[in-house]
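> 3D model of this:
(one chain, ligands or ions: 4)
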Amino acid sequence: MKSSELRQSFLSFFESKQHQIVESSSLVPGNDPTLLFTNAGMVQFKDVFLGADKRPYTRATTSQRCVRAGGKHNDLENVGYTARHHTFFEMLGNFSFGDYFKEEAISFAWEFLTGVLGLPKDKLLVTVYAEDDEAFGIWKDQIGVPEDRIIRIGDNKGARYASDNFWAMGDTGPCGPCTEVFYDHGEHIWGGPPGTPEEDGDRFIEIWNVVFMQYNRSADGSMANLPKPSVDTGMGLERIAAILQGVHSNYEIDLFQNLIKASATAVGTEDFASQSLRVIADHIRSCSFMIVDGVVPSNEGRGYVLRRIIRRAVRHGNKLGQKQPFFHKLVEALDVEMGEAYPELRKLKDRVASILLKEEEQFAKTLDQGMRILEEAIANLGDSKTIPGETIFKLYDTFGFPADLTNDVAREAGLEIDEEGFEKAMDEQRARARSASNFTMDMSGSVDVDGQTEFTGYTYLEGQSPVEQILVD
Ligand code: ATP
Ligand code: MG
Ligand code: MG
Ligand code: MG
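Residues are numbered from 1 along each chain as shown. Ligands and ions are numbered 1, 2, ... in the order given. Okay, the predicted model is just below:
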């Protein structure tokens, strides 16, 4: 089943269960300054869950474009390393606004997976929130999942390992306990079930998260009950497509194989298994859709996330030997794969390509020289495994290397970066900027996207250091 058919099959299934099909919202959340990007299907319904907004329906279903490249949910560092993470992906979801709750939510999910899609039951296992006896009972008694395939997981604080069965959009807002469905891709793949030390492997891949939205968390951490218990679910389209297409990794599905081929052509390599090609194929999606939704490369906030991702992609192309702009060419291939489902992409593709090209040209001016400096610094490390803060800062300030890009190169070489040292150098820069602010100088630091102005180095907002945003969350 192709990804596009799968998307349609999901929406039709929930439509047959009286859900209203609702369009995907923008990647830039409409009225939510707490959130960098739409990172889940529930984001456009946040106020409905909170009771502050009313809709003419109490059941909805969507295929939502999402970006997880900053803030609470950040998968940028996973791209190229795991089989299941993208910076941009589509989340299929069904929602109940004070309508049905645990029982129907679980039955719908099971019916779709095993009935409509025909997934073998013995390849599925589920997790429930540790204290949620009700959800445990529904899976066991109503659905008939054997007890040893139902795993209790706490919230992160209580859980022994990384998994977390208490879902939250961000530090504040709607949240609640959840139950998740995992698919076992087979023992030939490394990894263990959730709740075990090997859970970060890719053998058991989470496909669907069903959240029982019950609380609203405030900034002080306190939790109030939502007006009505609700349901919010999310299933990664690419992950379920992989299962249906009989492949393990998301990067092996139809859509990604085509993007990887196009990337190989644009970069001029035949090494289709290259990690860099997976990264480039991933990044063209997030970058293009961010631009479609109105983000432009800049030095702060969303625009800086976009700039960081474009530069990462360009660096990976450069690593494969492509010194000329190539990234913008992939918009055409992306349009072939996704333009039908997303007419706004088709409409704006020329604009997207030209913004990418300008950013590529801009970075090309400093990339080679920056890489030489970084490679030299690595060669001179001696026994140390850490790239010094001053080097990271110099690359950042003079050569336009976002800290996460330097970190990406370092990681490939089995090295780390000195975050603290970088922070210190940034603080010193801030102090210099403050003392210089008596002059009528433009310290906004924004680099003209038209490429008219020379690259002059970065400035940044107080409390918004990129390393904080990139490496800590
Ligand atoms: P994981 O534990 O694998 O990182 P998650 O628990 O962070 O996933 P959720 O926040 O529960 O993911 O999101 C709901 C669903 O969206 C997941 O079950 C998965 O199918 C999909 N998903 C989440 N993150 C990504 C991603 N970075 N790329 C592709 N699909 C994703
Ligand atoms: Mg995750
Ligand atoms: Mg998870
Ligand atoms: Mg989850």
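
> Quick one, grab the pLDDT at the residue of the chain found nearest ligand 1.
Distances between the chain and ligand 1 by CB to the nearest ligand atom are smallest at residue 236, namely 2.8 Å. Every residue, glycine included, has its C-beta placed from N, CA and C. Residue 236 carries a pLDDT score of 98 in this model.

> need the contact list for the closest residue to it other than its chain neighbours.
For residue 236, ignoring the flanking residues on the chain, the nearest one in space by CB to CB, 6 or more residues apart in numbering is residue 89 at 5.5 Å. Going by CB atoms under 8 Å, 6 or more residues apart in numbering, residue 89 touches 66, 68, 236, 237, 238.

> residue contacts, the second one?
It stands for residue 68. If you count contacts by CB under 8 Å, 6+ apart, then residue 68 has 37, 39, 74, 75, 76, 85, 86, 87, 89 around it.

> what's the burial count for the fifth one?
What it means is residue 76. Close neighbours of residue 76, defined as other CB atoms under 10 Å, add up to 25.

> Surely the residue of the chain closest to ligand 1 is in contact with residue 91?
Yes - counting by CB atoms under 8 Å, residue 236 does reach residue 91; the two are 6.3 Å apart.

> tell me what the helix ranked longest in the chain is packed against?
Criterion DSSP state H: the longest helix present in the chain is helix 343-379. On a contact count with 3 or more CB pairs under 8 Å, 6 or more residues apart in numbering; DSSP states H and E, helix 343-379 meets helix 275-292, helix 301-319, helix 330-338, strand 386-387, helix 389-399, helix 403-412.

> What are the boundaries of the strands in the protein?
20-21, 59-67, 88-96, 124-129, 150-153, 166-168, 173-184, 204-217, 223-236, 386-387, 416-417 (DSSP state E).

> Between those strands, which one is closest to residue 360.
strand 88-96 (18.7 Å; CB to CB).

> That closest one vs helix 301-319, what angle?
If you take axes from the mean of the first three to the mean of the last three CA atoms, to 10 degrees, strand 88-96 sits at 140 degrees to helix 301-319.

> what's the angle between strand 88-96 and helix 330-338?
Interaxial angle, strand 88-96 versus helix 330-338 (the same axes, to 10 degrees): 30 degrees.

> Quick check: mean pLDDT of strand 88-96?
98.

> buried set for that strand?
Using 16 or more other CB atoms under 10 Å as the test for burial, strand 88-96 gives 88, 89, 90, 91, 92, 93, 94, 95, 96.

> Between these, which sits nearest residue 349?
residue 88 (15.6 Å).

> any chance of the contacts of residue 68 in a markdown table, plus distance to residue 156?
Listed next are those as a markdown table, based on distance: CB to CB, whole Å:
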| residue | distance to residue 156 |
| --- | --- |
| 37 | 22 |
| 39 | 17 |
| 74 | 15 |
| 75 | 16 |
| 76 | 20 |
| 85 | 18 |
| 86 | 22 |
| 87 | 22 |
| 89 | 22 |
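
> which of those residues sit farthest apart?
Counting by CB to CB, the most remote pair of the contacts of residue 68 is 37 and 85, 14.9 Å apart.

> who in the protein is up against ligand 1?
The chain comes close to ligand 1 at residues 68, 75, 84-86, 89, 91, 206-209, 234-236, 238-239, as judged by CB under 6 Å from any ligand atom.
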